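Participant: could you look at this predicted model? Sequence included:
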Amino acid sequence: MPSNFNVTRRTLLAAGVAFAATPSFALSESEAISLVTSLVEDVQSVIDSGQSGNALYRSFEGIFDRYADVPIIARSSLGVTWRSASDSQKRRYTDAFGTYVARKYGQRFGEFAGAEMTVTGASQTQRGYVVTSDVKLPSGSTVAVEWQVSDASGSNRVFDIYIEGISMLITERGEIGAMLDARGGNLDQLIADMG
Amino acid sequence: MNILRLRATLVASLLVLLGACAEAPPGQLIADPYEKTNRSIHEFNKGFDRGLVRPVADVYGKVIGPDVDDSIQVAAETISLPNRILNKILQLRLISAFQDTMRLGVNLGLGLGIKDPATEFGIPNEDTDFGQTLDIWGFKEGNYVELPFFGASTERDAIGLVVDLILLDPIAEKRPEARPVTVTVTLTSFVSNRNEFADLVDSILYESEDSYSAQQLAYVQNRRFNLRRDRSNGAVLDDPYADILLEDPYAE
């Protein structure tokens, strides 16, 4: 089993420090909600535009760049391997990760065509806000989606999405870890295959 | 009376087993000491899905119209309601148990068990099982297990499943002759679900790099989310910013 969820003493310590020193947020609840609302509107208009294939993925990659904290999501997805990567590898991996996510989730977002999102609330976390929403699918089923928003990067960004409790960050850390294992830990090979 | 005692003994010994469960090692989502066995069962389950369930679900989706599909889903839910009500009583969620009783009465009386007027009347619809009952009683989830045919589970949920199937099935008890019908309807509803969530299931089983690990991550997170939601606790945050206090990614 690859140890994709390594919590080192350092991260534990950092989490403790972060928790103790609760920062005062510039990000407000209404800003977090409007960020999520406008993200969803942008995704919706891409779906409605009827784009497909590479054009669709490029549009999603643009949305991902505008709304998500890509550097943080990318480094978190690589787990402990990030620390041993060279600067060039880090840069190339972050680029490749954006493409990979846009393709993978672009495909899945198609399933949300005709869906309607209702924001059901927002609450403070140690990193900003979590905006909770219900997405009602045309089939009638409702999916709970939670958006983690933070301004730690200097601007308001989404850094994780939980769909029915399943974190994109945790899921991708597992998936990328497995991809890296399958390539014998060769990061350059992984970057080449992802981009 | 003897049967009752036998049951009590069975449940008690299952719970003793659960008491011996290990905690998840630090840094891992869930303890997985049976990984090797689990992975063999996973391959078996995948073969079963690829060879039988997926093709059958595919045909089901093409042949069965939405109205019949809805009726099958409602019928499967109606069959599961007596078990749900018993579990909610055991969980002391008495209002929810009452709502399920109303749902059963309304859907049987006005919907013949295959239509769902209860939802139109606004009666809440919350699923539960004995795994959740054990959670509410304070039992830990135990190690990860993958069960033949049933798929991803935990030791606690596996015990819950056995209890639900054997001990908490009032219909089988009162009307054993109905068993072929209830089992058929329930199995058909599994096929229906496999068809409805085909893209999601396929992405986990056939498009991920390591389907065993992908399924484990998805199951454990989703299960904890559902248990937590009913206890109305907040989500546990996966915090990627935790180590940027020591290492600044924005410095690059």
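Facilitator: Received, thanks. Numbers count the residues shown, from 1 in each chain, chains lettered A, B, ... in the order given.
Participant: what segments of the chain are helices?
Facilitator: No chain specified, so I'll use chain A. A:9-20, A:29-48, A:53-67, A:70-77, A:81-84, A:87-109, A:168-182, A:187-194 (DSSP state H).
Participant: not what I meant, chain B
Facilitator: B:2-19, B:35-48, B:54-63, B:66-90, B:94-109, B:117-120, B:130-136, B:155-162, B:170-174, B:179-196, B:198-206, B:211-230.
Participant: of all the ones you listed, which one comes closest to residue A:80?
Facilitator: Proximity to residue A:80 (Cβ to Cβ) singles out helix B:211-230 among the helices of chain B, at 16.4 Å. Backbone N, C-alpha and C define where each C-beta goes, glycine included.
Participant: is chain A contacted by the closest one?
Facilitator: Yes - for helix B:211-230, a contact with chain A is found by Cβ under 8 Å from any Cβ of the partner chain, at B:213-214, B:217-218, B:221-222, B:224-226, B:228-229.
Participant: the nearest residue to residue A:95 once chain neighbours are set aside and chain B, how far apart?
Facilitator: The shortest distance from residue A:95 to any non-neighbouring residue, by Cβ to Cβ, 6 or more residues apart in numbering or on different chains, is to residue A:195 (6.8 Å). Note on residue A:195: its distance to chain B, by Cβ to the nearest Cβ, to the nearest Å, is 16 Å.
Participant: tell me how many other residues crowd residue A:195.
Facilitator: 13 (other Cβ atoms under 10 Å in any protein chain shown).
Participant: where does chain A get nearest to chain B, which residue?
Facilitator: For chain A, the residue closest to chain B is residue A:165, as judged by Cβ to the nearest Cβ, at 2.0 Å.
Participant: was I right about that residue contacting residue B:221?
Facilitator: Yes - contact criterion Cβ atoms under 8 Å: residue A:165 and residue B:221 qualify, at 5.2 Å.
Participant: hmm, back to that, deepest-packed of the helices of chain A, please.
Facilitator: Using mean count of other Cβ atoms under 10 Å in any protein chain shown, the stretch among the helices of chain A with the largest mean neighbour count is helix A:70-77, at a mean of 23.
Participant: residue ranges in the chain under the pLDDT threshold?
Facilitator: No chain in the question, so chain A it is. Within chain A, the segments meeting pLDDT under 70 span A:1-25.
Participant: wrong one, I was asking about chain B
Facilitator: Looking at chain B by pLDDT under 70, you get B:1-6, B:14-23, B:26-27, B:229-237, B:243-252.
Participant: bridged to the residue nearest the centre of chain A, which residues?
Facilitator: Centroid-nearest residue in chain A, with Cα atoms, centre = their mean: residue A:160, separated by 4.2 Å. Listed beta-bridge partners, residue A:160: residue A:148 (assigned using DSSP bridges).
Participant: in contact with it, which residues?
Facilitator: A:73, A:147-148, A:167-169, B:237-238, B:240 (Cβ atoms under 8 Å, 6 or more residues apart in numbering or on different chains).
Participant: again with residue B:161
Facilitator: If a contact means Cβ under 8 Å, 6+ apart, then residue B:161 has B:129-131, B:147, B:150, B:153 as its contacts.
Participant: for residue A:120, same thing?
Facilitator: Residues near residue A:120 by Cβ under 8 Å, 6+ apart: A:132-134.
Participant: and of the contacts of residue A:160, the nearest to residue B:57?
Facilitator: Nearest to residue B:57, judged by Cβ to Cβ, of the contacts of residue A:160 is residue A:168 at 26.4 Å.
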